[in-house]
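K.L.:
Let me see the structure of the following:
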Amino acid sequence: MSVSSISSTSVALAALMKLKGVGRRAALRIVYGPIPDADAKDLVIDRATRAKLPEAALLDAWDRAREELESTRANGYSFFAFHDEGYPERLRNISDPPAVLYVKGNLSGLHSAKSLAVIGTREPTPYGEAVARKSAAVASEEGFTIVSGLAHGCDTFGHEGCLDVRGVGVAVMAHGLDKVYPAANRDLAQRLIDNGGCLVSEYPIGMTPMRTAFAERDRLQSGLSDAVLVIETDVKGGTMHTVRFSKEQNRALACIDHPDKWKHADKTKGNQMMIAERWAKGIPDSAALVQFLRSIDKARPAPVEKPKKASKNDDQISMAF
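P.N.:
Prediction:
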């Protein structure tokens with residue numbers, strides 16, 4: 001399938017998910033493989049009616065889905081159904097993949113050889129802010145695409161660190177790609193796209209943010225990545241959703257191991273727990289991060305590490321990272 005074409009599989013899945021009570025899992029049970037264009041509608045209607053779905057509603061949804069996808073394409077967005085060529089292979093292999101994935105920007109980051117999710121609290125410590133930025137920059141220089149959620153806090157600093165070294169970033173959104181939430185990160189989103197990255201979402205254009213969508217998108221952050229790096233988190237919160245998904249998806253998991261100065265902070269308690277319970281590898285400094293990243297990619301020859309430049313700041317942030 002070319003990027004600009006509209007497959008019957010895409011239309012079928014988008015149409016089914018417009019029906020009341022039909023989500024991505026049910027849609028993929030009905031559309032369990034590529035559908036020939038010639039008899040796509042009849043085939044899907046037959047399967048849907050056997051699943052007790054209303055034929056009239058599906059016919060209406062089919063027309064609306066095709067119109068919606070045509071408009072999406074006309075406005076410069078790409079989209080891929082689960083069975084289409086171009087759908088990210090990493091997502092094919094998770095237990096709950098998007099039925100249709102929408103993309104704004106360059107598609108290459110979705111198929112990169114190496115990918116790291118950089119995640120964490122929306123309210124990081126000053127140390128967390130600096131380490132999120134530095135860690136993403138280090139990983140980008142090691143050839144990793146940086147995946148995050150464009151949220152305030154650790155996500156934002158991770159994306160900024162990626163851009164600092166002209167790395168490729170992927171931002172997973174919890175709504176339609178015609179908007180950016182939070183609005184304060186509109187410029188950041190555009191800079192990611194301008195630098196060869198992209199925004200992705202499983203929600204169609206025009207879909208507004210819903211509370212449940214933010215938790216659902218966490219599985220895509222880990223799903224699009226080979227490994228997950230937690231900058232800072234409390235023992236509860238949104239970041240821990242991604243941690244759980246990373247374990248279910250068998251992704252390598254690491255988290256920042258904070259200097260003693262910061263271990264009193266609530267936003268580091270989740271990190272300490274994960275290290276103590278051996279859920280995640282503790283990362284105390286840049287050298288440990290590089291070692292972790294290279295352990296993920298053992299088959300590739302390791303590049304020569306550049307000498308570390310001394311920092312102008314003489315504080316614990318520059319000492320650790």
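K.L.:
Just give me the neighbour total for S7.
P.N.:
Look at S7: counted by other C-beta atoms under 10 Å, it has 22 neighbours. Bear in mind the C-beta positions are built from the backbone N, C-alpha and C, glycine included.
K.L.:
State the distance from it to Y102.
P.N.:
When distance is defined by C-beta to C-beta, to the nearest Å, S7 is 14 Å away from Y102.
K.L.:
just how off-centre is the helix or strand containing L59 within its chain?
P.N.:
Using DSSP states H and E, L59 sits within helix 55-74. Relative to its parent chain, helix 55-74 has a centroid offset of 26 Å by C-alpha atoms, centre = their mean, to the nearest Å.
K.L.:
doesn't E68 make contact with V11?
P.N.:
No - assessed by C-beta atoms under 8 Å, V11 is found out of contact with E68, at 9.2 Å.
K.L.:
Neighbour count: the two, which is higher?
P.N.:
Neighbours were counted for V11 and for E68 using other C-beta under 10 Å; V11 has more, 28 against 19.
K.L.:
Assign the more buried one to helix, strand or coil.
P.N.:
Under DSSP: H, G, I helix; E, B strand; the rest coil, V11 falls in the helix class.
K.L.:
and the residue nearest to L43 when sequence neighbours are not counted, how far is that from I94?
P.N.:
Of all residues not flanking L43 in the chain, I35 sits nearest, at 6.0 Å (C-beta to C-beta, 6 or more residues apart in numbering). Using C-beta to C-beta, we find I35 at a distance of 22 Å from I94.
K.L.:
Tell me which of those two has more neighbours.
P.N.:
Between I35 and I94, counted using other C-beta under 10 Å, the more crowded position is I35 (22 against 18).
K.L.:
For my notes, confirm the more buried one occurs in a helix.
P.N.:
No - secondary structure of I35 (three-state DSSP): coil, not part of a helix.
K.L.:
per-residue confidence at it?
P.N.:
For I35, the model assigns a pLDDT of 89.
K.L.:
Pull the contacting residues for it.
P.N.:
Residues counted as contacts of I35 (C-beta atoms under 8 Å, 6 or more residues apart in numbering) are 7-9, 12, 43-44, 83.
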